[in-house]
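Colleague: this is the structure alone, sequence omitted:
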């Protein structure tokens, strides 16, 4: 697809086991893309799945709640995904030059549910009201959900502090 | 329904971190957390700029940004489509955001990390509600503050002197607004300091305690003439600490006991400081706090600003009416009824401080007023005075603003009532007051306190 947005990024990263554990934990996940007119889009994701070889990541989003990001990704826009744990503020951003939108696979809904429950517990343990935590962590109708799959090419530490913005050295 | 920014102000309270999406000139997106989204007006928001990061680099080359915000009560989410305009790093908006950021940083254990470099001003192009994942909870309707404000203004309108205006303001805060810990400070233009004239909800009144411009939330609100509201209190803005620290730095060699401690909650959760201003002139600051975090909402701020605007107008009107009080008839000297062993009252001209016995009582203009009253009493047997004669007395070095005298007399009256069994001041009609002396006095001039 000719979008004028072909991004040149390094080869796929091999995520470290520690990073994989973090991404599968009680984290808030936000994704973003960009249109051909250089207008950014952001939305929330509801859990993720990481391939056994730790080179491919899929995050789950709602078609209706993530419409602009999905539109930009379908048009060939780049992808940024931020994982942040509310309790520790540890934050990591992954980037990829493109992403594929795929239907949910069997088992994905269970991953979405588990992520929602875990992150809701994390938020309530920090004092957020239960109805608020459930409200932000509930994807809504599962018929509406899709997976956004990508091979991360860059990873950045975004934990507030001196190292914020540093590119992560990924241990093979 | 068209969404407006003002309808979403709850999303800007800082309870839920917002997300910002930007992209560089090649179209690579970036997503980052925001510490603070500040409502400026219905077309603009200000975002906190703390680090020179990718977001910063991106908006400088491509000013488009999209943020995702959430309502802390309903969990409903909204997209705001923004266009970066410019960055400010001083002034009321910046200081207000800086104070709030300090609170957020303190709350999240980031005090050493978060520092506001600037407030990035964005124009809001479009607001979109994100479709909801689950129905929002049915929230109980929030009680309207308009009837509260109306009743308060009615009570204030019945006040015919500064003292009742100040005490009624605090009574309204407690009874109508349910803000039970509050104080009113007046601005001393000659010394760039605010002094407490009334307080409620503390173990001691702290009347006479002082805050410098720029010190703590009260001093910053006064200096910048901007209301400041903090939902999580930051150590650096705890005015008591700030004032004490600054005092110690400036007066390391002096005795700390000559200051009156500020009242205040030991564990303050929320604070709000609202300047009391009449046109360009700063009259004082109204301050309230609560042990509860996130106690004061945007609506509370709106209501308190309206209330203090009314208080400012009322003070200005009272100043005008004070000038029309007729001069008192000359009083015949009377022999002082006070007896017993004389008590030493010492006055230090350097800072106009007065000590009764060995105890510090008051300083500044209020100290000078007391010293004049005591001299007139001892030298000429006078007990009755008029506000007008004090206003005209050049030796008192009163700033030219009328209310300073009325406020100082209130301060002096309250300080005497709290700290001095020997002396008292009571009102003796409009624009007049009487000095009560219960012991023989021995007046002394000191060199330095």
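Modeller: Received the coordinates, thanks. On a predicted model such as this, the values are computed, not experimentally measured, just so you know.
Colleague: spatially central residue for chain A, please.
Modeller: When C-alpha atoms, centre = their mean is applied to chain A, the residue found nearest the centroid is residue A:81 (4.1 Å).
Colleague: report the beta-bridge partner residues of that residue.
Modeller: On the basis of DSSP bridges, residue A:81 is bridged to residue A:31, residue A:94.
Colleague: check the burial of whichever residue of the stretch 301-449 of chain B sits closest to chain A by counting its neighbours.
Modeller: Nearest to chain A in the stretch 301-449 of chain B, going by C-beta to the nearest C-beta, is residue B:301, at a distance of 22.5 Å. C-betas here are computed from N, CA, C, even on glycine. Residues near residue B:301, counting by other C-beta atoms under 10 Å in any protein chain shown, number 16.
Colleague: show me the contacts for it.
Modeller: Neighbouring residues of residue B:301 by C-beta atoms under 8 Å, 6 or more residues apart in numbering or on different chains: B:227, B:229, B:272, B:274.
Colleague: tell me the secondary structure at it.
Modeller: Counting by DSSP: H, G, I helix; E, B strand; the rest coil, the backbone at residue B:301 sits in helix.
Colleague: worst-scoring helix or strand of chain A, pLDDT-wise?
Modeller: The helix or strand of chain A with the poorest confidence is helix A:130-137; it has a mean of 86 (mean pLDDT, DSSP states H and E).
Colleague: now for it, which elements pack on it?
Modeller: In terms of contacts (3 or more C-beta pairs under 8 Å, 6 or more residues apart in numbering or on different chains; DSSP states H and E), helix A:130-137 is packed against helix A:108-125.
Colleague: switch the cut-off to 10 Å
Modeller: Judged by 3 or more C-beta pairs under 10 Å, 6 or more residues apart in numbering or on different chains; DSSP states H and E, helix A:130-137 is in contact with helix A:108-125, strand B:64-70.
Colleague: which of those is buried the deepest?
Modeller: Sort the helices and strands packed on helix A:130-137 by mean neighbour count, taking mean count of other C-beta atoms under 10 Å in any protein chain shown, and strand B:64-70 sits at the top with a mean of 24.
Colleague: just how off-centre is that strand within its chain?
Modeller: 33 Å (C-alpha atoms, centre = their mean, to the nearest Å).
Colleague: repeat that for stretch B:17-37.
Modeller: 36 Å.
Colleague: and for stretch A:155-168?
Modeller: Worked out by C-alpha atoms, centre = their mean, stretch A:155-168 lies 17 Å from the chain centre.
Colleague: ok, that stretch near chain B or not?
Modeller: Yes: judged by C-beta under 10 Å from any C-beta of the partner chain, stretch A:155-168 comes into contact with chain B at A:156, A:158, A:159, A:160, A:161, A:162, A:164, A:165.
Colleague: buried residues, stretch B:81-96. List them.
Modeller: B:81, B:82, B:84, B:87, B:88, B:92, B:93, B:94, B:95, B:96 (16 or more other C-beta atoms under 10 Å in any protein chain shown).
Colleague: the last one against residue B:274, yeah?
Modeller: No: at 11.5 Å, residue B:96 and residue B:274 do not qualify as touching, with contact defined as C-beta atoms under 10 Å.
Colleague: so which of the helices and strands packed on helix A:130-137 is nearest residue B:223?
Modeller: Taking C-beta to C-beta, strand B:64-70 is the member of the helices and strands packed on helix A:130-137 nearest to residue B:223, at 30.0 Å.
Colleague: and the next helix or strand past that closest one?
Modeller: Going down the chain from strand B:64-70, the next helix or strand is strand B:77-88, by DSSP states H and E.
Colleague: list the strands paired with that following strand, with their directions.
Modeller: Partners of strand B:77-88 in its sheet, by DSSP bridges: strand B:64-70 (antiparallel), strand B:118-129 (antiparallel).
Colleague: in contact with residue B:152, which residues?
Modeller: Taking C-beta atoms under 10 Å, 6 or more residues apart in numbering or on different chains, we find residue B:152 in contact with B:145, B:168-169, B:171-173, B:175-177, B:303-304, B:306-307, B:310-311.
Colleague: quick check: buried residues in whichever strand or helix holds it?
Modeller: Assigned by DSSP H and E, residue B:152 belongs to helix B:146-157. If you call a residue buried by 16+ other C-beta under 10 Å, then helix B:146-157 has these buried ones: B:148, B:149, B:152, B:155, B:156.
Colleague: state the helix or strand in which residue B:415 lies.
Modeller: Element membership for residue B:415 (DSSP H and E) is helix B:403-419.
Colleague: buried stuff in that helix?
Modeller: Of the residues in helix B:403-419, B:403-416, B:419 count as buried by neighbour count, 16+ other C-beta under 10 Å.
Colleague: any bit of the host helix or strand of residue B:285 sitting next to chain A?
Modeller: Residue B:285 belongs to strand B:281-290 when assigned by DSSP H and E. No: Strand B:281-290 does not reach chain A (C-beta under 10 Å from any C-beta); its nearest approach is 16.5 Å.
Colleague: walk me through which strands that strand pairs with, and which way each runs.
Modeller: Assessed with DSSP bridges, strand B:281-290 is paired to strand B:181-188 (antiparallel), strand B:270-278 (antiparallel).
Colleague: circling back to that earlier point, what sits in contact with each of residue B:96 and residue B:274?
Modeller: B:221, B:226, B:227, B:228, B:229.
Colleague: give me the number of residues near the fourth one?
Modeller: If you count neighbours by other C-beta under 10 Å, residue B:228 ends up with 28.
Colleague: chain A versus that one, what's the distance?
Modeller: To chain A, residue B:228 is 23 Å away according to C-beta to the nearest C-beta, to the nearest Å.
Colleague: with the last one instead?
Modeller: Residue B:229 sits at a distance of 20 Å from chain A (criterion: C-beta to the nearest C-beta).
Colleague: just give me the neighbour total for that residue.
Modeller: Neighbours of residue B:229 using other C-beta under 10 Å come to 25.
Colleague: now swap in the first one and tell me
Modeller: Per other C-beta under 10 Å, the neighbour tally for residue B:221 reads 29.
Colleague: re the thing from before, my guess is the residue nearest to the centre of chain A contacts residue A:73. True?
Modeller: No: applying C-beta under 10 Å, one finds residue A:81 not in contact with residue A:73, separated by 11.2 Å.
Colleague: just to revisit the earlier point, show me what whichever helix or strand comes after the helix holding residue B:152 is packed against.
Modeller: Next along the chain after helix B:146-157, taking DSSP H and E as the criterion, comes helix B:162-175. The elements that helix B:162-175 packs onto, with contact taken as 3+ C-beta pairs under 10 Å, 6+ apart, are helix B:146-157, strand B:181-188, strand B:193-200, strand B:281-290, helix B:298-322, helix B:403-419.
Colleague: make JSON lines from the ones you listed and add mean pLDDT to it.
Modeller: Below are these laid out as JSON lines (pLDDT from 0 to 100):
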{"stretch": "helix B:146-157", "mean pLDDT": "97"}
{"stretch": "strand B:181-188", "mean pLDDT": "95"}
{"stretch": "strand B:193-200", "mean pLDDT": "94"}
{"stretch": "strand B:281-290", "mean pLDDT": "95"}
{"stretch": "helix B:298-322", "mean pLDDT": "91"}
{"stretch": "helix B:403-419", "mean pLDDT": "87"}
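Colleague: need these in a markdown table (columns: distance to residue B:100).
Modeller: Below are those laid out as a markdown table (distance: least, C-beta to C-beta, whole Å):
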| stretch | distance to residue B:100 |
| --- | --- |
| helix B:146-157 | 24 |
| strand B:181-188 | 20 |
| strand B:193-200 | 21 |
| strand B:281-290 | 15 |
| helix B:298-322 | 12 |
| helix B:403-419 | 30 |
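Colleague: quick one: the strands in chain A, in order.
Modeller: Secondary structure of chain A by DSSP state E: the strands cover A:28-34, A:40-45, A:48-50, A:57-62, A:79-84, A:91-96, A:100-103, A:145-150, A:154-157.
Colleague: tell me the gap between the second one and the middle of its chain.
Modeller: The offset between the C-alpha centroid of strand A:40-45 and the centroid of the whole chain comes to 9 Å, using C-alpha atoms, centre = their mean.
Colleague: perfect, I'm done here.
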